[in-house]
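Chemist: Generate a structure from the sequence data that follows.
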Amino acid sequence: MEANVGDRLLVHGHVVGEGDRHGEIVEVRGPEGSPPYVVRFTDGHESLVYPGPDAVIEHIK
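Modeler: Okay, the predicted model is just below:
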């Protein structure tokens, strides 16, 4: 997984009824765009994220 600052992170819900989470990558801490990422989610919460197989990077050009 590779991302840049400004890309979007989509994390799919884990259980029925749990919605997806969307956020903007505000910091890339790994080498060459690799995780972990600091993500600002749409609710304003910022978190250090190590994306799993349930996550998708939406590259912003």
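Chemist: Tell me which residues of the top strand by length along the chain come out buried.
Modeler: Determined from DSSP state E, the single longest strand within the chain is strand 21-28. For strand 21-28, a neighbour-count test (16 or more other CB atoms under 10 Å) marks Arg21, Gly23, Glu24, Ile25, Val28 as buried. To be clear about C-beta, it is placed using only N, CA and C from the backbone, and glycine gets the same treatment.
Chemist: neighbouring contacts of whichever helix or strand comes after it?
Modeler: The helix or strand immediately downstream of strand 21-28 is strand 37-41, counting by DSSP states H and E. If you take CB atoms under 8 Å, 6 or more residues apart in numbering as the criterion, strand 37-41 is touched by 3, 9, 21-30, 46-49, 51.
Chemist: Pull out the buried positions in strand 37-41.
Modeler: For strand 37-41, the neighbour count (16+ other CB under 10 Å) marks Tyr37, Val38, Val39 as buried.
Chemist: quick one: it to strand 21-28, angle?
Modeler: Relative orientation of strand 37-41 versus strand 21-28 (axes from the mean of the first three to the mean of the last three CA atoms, to 10 degrees): 140 degrees.
Chemist: now strand 37-41, how far from the chain's geometric center?
Modeler: 6 Å (CA atoms, centre = their mean, to the nearest Å).
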